[in-house]
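pasting a predicted model and its sequence here:
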There are 4 protein chains.
Amino acid sequence: MHTYTHKVAYYETDKMGLTHHSNYIRWMEEARVDYFEKIGAPYDALEKKGIFSPVTRAELDYVRSTTYPETVTIETRITEFRGVRLKVSYIMKNADGEIVCRARSEHCFLDKEGRLIRVKRDEPELYELLSGLAEEE
Amino acid sequence: MHTYTHKVAYYETDKMGLTHHSNYIRWMEEARVDYFEKIGAPYDALEKKGIFSPVTRAELDYVRSTTYPETVTIETRITEFRGVRLKVSYIMKNADGEIVCRARSEHCFLDKEGRLIRVKRDEPELYELLSGLAEEE
Amino acid sequence: MHTYTHKVAYYETDKMGLTHHSNYIRWMEEARVDYFEKIGAPYDALEKKGIFSPVTRAELDYVRSTTYPETVTIETRITEFRGVRLKVSYIMKNADGEIVCRARSEHCFLDKEGRLIRVKRDEPELYELLSGLAEEE
Amino acid sequence: MHTYTHKVAYYETDKMGLTHHSNYIRWMEEARVDYFEKIGAPYDALEKKGIFSPVTRAELDYVRSTTYPETVTIETRITEFRGVRLKVSYIMKNADGEIVCRARSEHCFLDKEGRLIRVKRDEPELYELLSGLAEEE
């Protein structure tokens, strides 16, 4: 499990006075990208090797609102990786420890031509790394 | 069913050369907001009456990539409304008519103090309007 | 002079209840990109030829606020192009014809390696097109 | 002078492979908001008191490109405040200490009804605080 914090920016609020819901999907990316950096597989290094990891699915349950200037803590877990589809879950909490959003995302790995990479076969080190981190949700 | 078109902006792309996935959740809002305007219940009028409609859940399946300068057509349907929770679905297609994203969102209605509005009881006209549009997915 | 309209999106507002100021620089891009499409030099075609046109300077005077669901009309003018630096000005008006923002941007043209293109010499057709449109501010 | 750091997010890049220019105006806000927090005048506290501080002008010179995953350091200075118009300057540097962007912004102070606040007269403490920080550019 990996922990990342994001401070809500003023520009992330909307006229309801709250964080606009579209920002949480960006925070998921910030947290995931930070996780990949921490485990030694930063996105820029993967991309230099010709490995791209687009989002194929995202799912968000908004539980409580947040707003500027709150700080949100995001717990990120790799919940499944058997070589093709990476599943990630996110639990976002406010400063009081209350859950503000639960989310999940799914990703595949593509080469420069947009063809699916079978990570277990083609990138065994990345496979070991990611599958080794997978934990029950 | 309501149709809305969005032209992908240059600033919506990312370094993969494609539309960043976080924009689709914004297009869902554009399409939904446009739908509400067309049926005579624009968000600004609702908010002036003290009715706010936050997103409580969003779910997106990214099927094909898009990029600048493509135009995406979004078919929006109200799939359920029995007075509390509004469910909306979105099918996004590229210029060739291929599905690029399937998505769903859920919404509730709150008053200025953030209390749940029971629309059937408290806003019968809005209830009739939205429930009358609900169709099978 | 080229005219483009942008409808303020709900997600472009902030907790002041107004359009967040960072969106206007995006509308400038939308208007400029649309202008380039209309004159037959779309950004995607330029980029396929290996011509990139980054922003080197932007300047915005915010005159009146706007908010969702207003529509903003943007008058775009090429004010100078002698072969290296492109200068563009923007006058943004609300539905009442009142100026909401005056802005200017400057751009250069780069090749894939990030080297400055001398458009007059290297891309004479593009030079004729853009310099022919230049008008006094 | 106040220093703030921003890590370029993946979603802040565009199809040129670089940070989209519209993000720098958001980083200016992040830096300025952080500065106001550090000096004990956070935006949310000002807004609770009915003081709003919109941007009336912004000016950016883009010197060098940045991209994910670079970290940008922003040096923020209040360059003028005599009671009505606040002028702020920003120097943004990459990890090598090279300037990537020079920028300036101007702000006024409004009450809830959008009327100009004469800070020297109406909010003497805020006036002392901000004018005391003003330094030559």
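Cool, got the structure.

so the longest strand that chain A contains, near chain B or not?
The strand of greatest length in chain A, counted in residues with DSSP state E as the criterion, is given as strand A:71-81. No - contact between strand A:71-81 and chain B, assessed by C-beta under 8 Å from any C-beta of the partner chain, is absent, since the two come no nearer than 15.1 Å. For glycine as for every other residue, the C-beta is placed from the backbone atoms N, C-alpha and C.

and what of stretch A:27-38?
Yes - applying C-beta under 8 Å from any C-beta, one finds stretch A:27-38 touching chain B at residue A:29.

what mean pLDDT does that stretch have?
For stretch A:27-38, the mean per-residue pLDDT is 98.

so what touches it?
Residues outside stretch A:27-38 that contact it (C-beta atoms under 8 Å, 6 or more residues apart in numbering or on different chains) are A:2, A:4, A:6, A:42-43, A:46, A:55, A:58, A:60, A:72, A:74, A:76, A:78, A:88, A:90, A:92, A:103, A:105, B:22, D:9-11, D:68-69.

parallel or antiparallel, list what pairs with the longest strand of chain A.
According to DSSP bridges, the neighbouring strands of strand A:71-81, each with its direction, are strand A:2-7 (antiparallel), strand A:86-93 (antiparallel).

surely residue A:13 and residue C:14 touch.
Yes - at 5.1 Å, residue A:13 counts as touching residue C:14 under the criterion of C-beta atoms under 8 Å.

quick one, which of the contacts of stretch A:27-38 are buried?
With burial judged by 16 or more other C-beta atoms under 10 Å in any protein chain shown, the buried subset of the contacts of stretch A:27-38 is A:2, A:4, A:6, A:42-43, A:46, A:55, A:58, A:60, A:72, A:74, A:76, A:78, A:88, A:90, A:92, A:103, A:105, B:22, D:9-11, D:68-69.

still on that earlier bit, would a markdown table of the strands paired with strand A:71-81 with distance to residue D:27 and mean pLDDT be doable?
Below are these laid out as a markdown table (distance: least, C-beta to C-beta, whole Å; pLDDT from 0 to 100):
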| stretch | distance to residue D:27 | mean pLDDT |
| --- | --- | --- |
| strand A:2-7 | 13 | 98 |
| strand A:86-93 | 23 | 98 |
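
got CSV for these, with distance to residue A:120 too?
As requested, these are exported to CSV (distance: least, C-beta to C-beta, whole Å):
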stretch, distance to residue A:120
strand A:2-7, 22
strand A:86-93, 12
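
who wins for proximity to residue C:115 among the ones you listed?
strand A:2-7 (37.5 Å; C-beta to C-beta).

who touches the closest one?
Against strand A:2-7 from outside (C-beta under 8 Å, 6+ apart): A:27, A:30-31, A:34-35, A:38, A:69-77.

and the residues you listed, which of them are buried?
The neighbour-count test (16+ other C-beta under 10 Å) applied to those identifies A:27, A:30-31, A:34-35, A:69-70, A:72-74, A:76-77 as buried.

kindly indicate which of these lies nearest residue C:132.
Among the buried ones among the contacts of strand A:2-7, residue A:30 lies closest to residue C:132 (C-beta to C-beta), at 45.1 Å.

so the closest one, which of the three states?
On the three-state scheme (DSSP: H, G, I helix; E, B strand; the rest coil), residue A:30 is labelled helix.

coming back round to it: out of the contacts of strand A:2-7, which two sit at the greatest distance?
Going by C-beta to C-beta, the two entries of the contacts of strand A:2-7 that are most distant from one another are A:69 and A:77, at 27.1 Å.

can you list the residues of chain A near chain C?
Along chain A, the residues adjacent to chain C under the rule C-beta under 8 Å from any C-beta are A:10-11, A:13-15, A:17-18, A:20, A:22, A:67-68.

hang on, the earlier thing: now the longest strand of chain A, how far from the centre of its chain.
Using C-alpha atoms, centre = their mean, to the nearest Å, the distance from the centre of strand A:71-81 to the centre of the chain it belongs to is 7 Å.

contact partners of it?
The list of residues contacting strand A:71-81 from outside it, by C-beta under 8 Å, 6+ apart, reads A:1-8, A:27-28, A:30-32, A:35, A:66, A:86-95, A:100, A:104, A:119, A:127, A:130-131, A:133-137.

give me the residue at the spatial middle of chain A.
In chain A, the residue lying closest to the centroid (C-alpha atoms, centre = their mean) is residue A:32, at 3.2 Å.

leaving out chain neighbours, which residue sits closest to the residue of chain A most remote from its centre?
Note on chain A: the largest separation between a C-alpha and the mean C-alpha position, by C-alpha atoms, centre = their mean, falls on residue A:15 (26.8 Å). Of all residues beyond its chain neighbours, the one nearest residue A:15 is residue C:13 (3.9 Å), with distances taken as C-beta to C-beta, 6 or more residues apart in numbering or on different chains.

what's the pLDDT at that neighbour?
Predicted confidence (pLDDT) for residue C:13: 98.

helix B:23-38 and whichever strand or helix holds residue A:33, what's the angle between them?
Element membership for residue A:33, per DSSP states H and E: helix A:23-38. On the basis of axes from the mean of the first three to the mean of the last three C-alpha atoms, to 10 degrees, helix A:23-38 is oriented at 180 degrees to helix B:23-38.

from the chain's centroid, how far away is helix A:23-38?
4 Å.

stretch A:63-75 now?
In terms of C-alpha atoms, centre = their mean, the centre of stretch A:63-75 is set 16 Å apart from its chain centre.

which bits of chain A sit near chain D?
A:9-11, A:26, A:29-30, A:33, A:37, A:42-44, A:68-69.

if we can go back for a sec, for the residue nearest to residue A:15, what are its contacts?
Residues near residue C:13 by C-beta under 8 Å, 6+ apart: A:14-15, C:19-20, C:67-68.

any chance of those in TSV, with distance to residue A:123 too?
Below are the contacts of residue C:13 laid out as TSV (distance: C-beta to C-beta, whole Å):
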residue	distance to residue A:123
A:14	40
A:15	45
C:19	45
C:20	41
C:67	48
C:68	45
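
where in chain A is pLDDT low?
In the prediction, chain A carries residues with pLDDT under 70 at positions A:137.

name the residues of it found near chain B, please.
Residues of chain A that fall close to chain B, judged by C-beta under 8 Å from any C-beta: A:15-16, A:18, A:21-22, A:25-26, A:29, A:47, A:52, A:54-62, A:65, A:114.

surely residue A:23 is in contact with residue A:12?
Yes - contact criterion C-beta under 8 Å: residue A:23 and residue A:12 qualify, at 4.6 Å.

tell me how many other residues crowd the residue nearest to residue A:136 when sequence neighbours are not counted.
Sequence neighbours aside, residue A:79 is the residue nearest to residue A:136 in space, at 7.2 Å (criterion: C-beta to C-beta, 6+ apart). For residue A:79, the count of nearby residues is 16 (other C-beta atoms under 10 Å in any protein chain shown).

one more: residue A:64?
Other residues near residue A:64 number 13, with proximity taken as other C-beta under 10 Å.

what about it, which helix or strand?
With elements taken from DSSP H and E, nothing contains residue A:64; it lies in neither a helix nor a strand.

isn't it right up against residue A:100?
Yes - under the criterion of C-beta under 8 Å, residue A:64 makes contact with residue A:100 at 4.5 Å.

cheers, nothing more for now.
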